[in-house]
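# fold the following, please.
(2 chains)
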There are 2 protein chains.
Amino acid sequence: MISPNRYPVRRDKLKRLIKKKKLPAVLICDETNVRYLTGFTGDSTWLLIGPGFERFISDGRYTTQLAQECSEIDATIRPVSQTLIEATAKVVAKHEVSAVGFEAAALSFAEASQLKTALEKQDFVPVNGLVEPLREVKDADEIAEIRLAIRAAEKGFAYLKASLKPDMTELEASFAVETGMRRFGALGASFDTIIAVGPNAALPHARPGGMLCSDDPFILVDWGAKMGTGYVSDLTRMIITGSISSKFQRMYDIVKTAQEKAIEAIGPGVEARDVDRIARGSIEQAGVGPKFNHGLGHGFGLQVHESIRVSPQSNHQLKPGMVLTVEPGVYFPGWGGIRIEDDVLVTKDGCEVLSSISKELESSVLSF
Amino acid sequence: MISPNRYPVRRDKLKRLIKKKKLPAVLICDETNVRYLTGFTGDSTWLLIGPGFERFISDGRYTTQLAQECSEIDATIRPVSQTLIEATAKVVAKHEVSAVGFEAAALSFAEASQLKTALEKQDFVPVNGLVEPLREVKDADEIAEIRLAIRAAEKGFAYLKASLKPDMTELEASFAVETGMRRFGALGASFDTIIAVGPNAALPHARPGGMLCSDDPFILVDWGAKMGTGYVSDLTRMIITGSISSKFQRMYDIVKTAQEKAIEAIGPGVEARDVDRIARGSIEQAGVGPKFNHGLGHGFGLQVHESIRVSPQSNHQLKPGMVLTVEPGVYFPGWGGIRIEDDVLVTKDGCEVLSSISKELESSVLSF
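Reported below is the predicted structural model:
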């Protein structure tokens, strides 16, 4: 499915950006950015790239893998006796560039300081958000891969619903989701699956534990698949296993309405913070505004959280090809929480909801 | 099993270190260090700590979880409209300290720069390796938890050997290991399980793919368990499923001998680089030195790689309570690789090998 020039095209775009910034070279240290630009799936490997050259700096563990995954870029393989920073300084010295940009969000302060010291003749210039904006807009291949990641996640959810038993713990249920996803093609979960029964659902980032699936009449499931291509999905649904209260019904409706309004507002040219505002306003209007205590959503692709953010502070404008989660929720300590999350693609005319599991309250009911 | 004052004791040690450095406060940003010091298992949460005070800076997703996991420390919960950096700057201003240290390896260059700008009145001082050295030496509770992580991993390996079939792919086999670990108490794998058949084993960090377990007579398995306590294990064994060559037998013996010699050398007061040198020397003497292209091992605990390193550049001295991997290997592109890895505890008198799976060549043979 992957177009053969996927990676060179991406690097060409980056080179144009580097030229625009009047930098002779940039050091790419972020593992996911390296993968995005080259197809190399290992770690501990940096990419030095300039308008006229590109070179990996890696170590012996990756000699073979680099040749297999990205043979068009030469690699400097450092010996075991040399650190990655020392090896990089040597490579830069050889290229005789006057300055090197670096990803300020990827290098730690300590690494940046060490490298700055090691580069005697070059300016070492922090650069923010060079590759991330390229990753925000997905191409047709990437969207196809994201669709597969969503399908695998949906299979995992169906498998969970088929396997769920009253005496299953949250931890066992999380394993059922992952089993289903892996049986249907996923490499694994894209993040630690959240299965939160009743009160545990009050924690937006709950960890599955020993609560039984029948200990309370509802379960929050937040999960996603990671595929061999690297692309991921991220979804949330509620499962109702018992007799729910009128409070639950009312809250479910509030969250669902807010999510639907937000999705309706998504389209090219729209400010991400306005989408957040619409969902937040809808929940506020229903009288439970403070119970929605996180951002509305986020971009995803090779990572489960990547640019852009959909929150009150967001300053991103939506563009066709962006893929986002839309996940409002309300949380009541001691009682529980409700969240509904879909994966949405911004299109030329508006948007397409890529995930397809019903969120009607009736469809969420499961009889053990 | 956890001593009730586990976390206060750790923070007291840190406070003494902070006092020694003549800093009024330090900002702990590394997620694992926050967990180590407080027991809080979430993310996006920093700890401001000084000789006379301690405070979390977090967000609404974690209000309940912080109260559950670490009620003895007060938390500033930032609103959705404020970034973690903005909230931290406000908390620091309130405490009226003259300077704040920060973990230079945990904050990115970009975050450190933003925070430096936001702190108008305080010096912002990079600090290296403040909490990590505390984590190097494990207490009795931690060692007990690591033993459980090793047991769960060993159960996973037994489950794999029981389930292995000729037509199983590497990916399916990796899932079998994880299934076994989770059935026997693990939260999951401590890292992506490596199952590498024949030539794939030439990649020290191979990813399991579509090769069948019977496509070549040997399989490298590198895996570990992560427990609910956070503690992990990390092991490697070879499985022989067919008729192996004399080269394989010779190489296996070289790696096994090097590993045994290294383990024999481990004890308190020994330089970690000398342990690496002994294994490396043994493999060099056998004529395949350049085929051992990585460090000999590393510390582990709450993370699968943590201080200390056992490599030629290491400047750590072994102390009782340190827990390390010992994992020499040799790799031949196109042919395959052999690695043997055990988990070893440094004791008062020498060391104890915590893992117990036989590494005799005969025990590695599996008939489908």
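
# phi, psi of residue A:307?
In terms of degrees, to the nearest 10, the main-chain angles of residue A:307 are phi -60, psi 130.

# so what's it closest to, chain neighbours aside?
Using Cβ to Cβ, 6 or more residues apart in numbering or on different chains and skipping the chain neighbours, the partner closest in space to residue A:307 is residue A:132 (4.5 Å). For glycine as for every other residue, the C-beta is placed from the backbone atoms N, C-alpha and C.

# quick one, what contacts that neighbour?
A:33, A:306, A:307 (Cβ atoms under 8 Å, 6 or more residues apart in numbering or on different chains).

# now the second one: closest residue in space that isn't a chain neighbour?
Same thing as residue A:306. residue A:299 (4.9 Å).

# how about the first one?
The shortest distance from residue A:33 to any non-neighbouring residue, by Cβ to Cβ, 6+ apart, is to residue A:131 (4.2 Å).

# surely that neighbour meets residue A:28?
Yes - contact criterion Cβ atoms under 8 Å: residue A:131 and residue A:28 qualify, at 6.6 Å.

# what's the burial count for the residue nearest to residue A:33?
Residue A:131 has 23 neighbouring residues, counting by other Cβ atoms under 10 Å in any protein chain shown.

# where's it relative to chain B, distance?
Applying Cβ to the nearest Cβ, to the nearest Å, the value for residue A:131 to chain B is 14 Å.

# could you check the pLDDT of that residue?
We have a pLDDT of 97 for residue A:131.

# in the stretch 251-368 of chain A, what residue comes closest to chain B?
Residue nearest to chain B within the stretch 251-368 of chain A: residue A:293 (2.9 Å; Cβ to the nearest Cβ).

# strands of the stretch 251-368 of chain A, residue ranges please.
A:297-299, A:306-310, A:323-326, A:329-332, A:336-339, A:342-346, A:351-353 (DSSP state E, counting those that start in this stretch).

# now swap in the stretch 51-200 of chain A and tell me
All strands of the stretch 51-200 of chain A, identified by DSSP E, counting those that start in this stretch, fall at A:53-59, A:74-78, A:99-103, A:123-127, A:188-189, A:194-197.

# deepest of those, which one?
Mean neighbour count (mean count of other Cβ atoms under 10 Å in any protein chain shown) peaks for strand A:194-197 among the strands of the stretch 51-200 of chain A, with a mean of 27.

# who are the packing partners of the very next helix or strand once past that strand?
Using DSSP states H and E, the helix or strand that directly follows strand A:194-197 along the chain is strand A:218-223. Judged by 3 or more Cβ pairs under 8 Å, 6 or more residues apart in numbering or on different chains; DSSP states H and E, strand A:218-223 is in contact with helix A:140-163, helix A:170-183, strand A:194-197, strand A:235-240, strand A:336-339.

# contact partners for the closest residue to residue A:289 other than its chain neighbours?
Once flanking residues are discounted, residue A:289 sits nearest to residue A:283: 5.6 Å by Cβ to Cβ, 6+ apart. Residue A:283 makes contacts with A:254, A:255, A:258, A:289, A:291, A:292, A:328, A:330, as judged by Cβ under 8 Å, 6+ apart.

# my guess is residue A:154 contacts residue A:343. True?
No - assessed by Cβ under 8 Å, residue A:154 is found out of contact with residue A:343, at 10.3 Å.

# what's the overlap in contacts for the two?
A:235, A:355.
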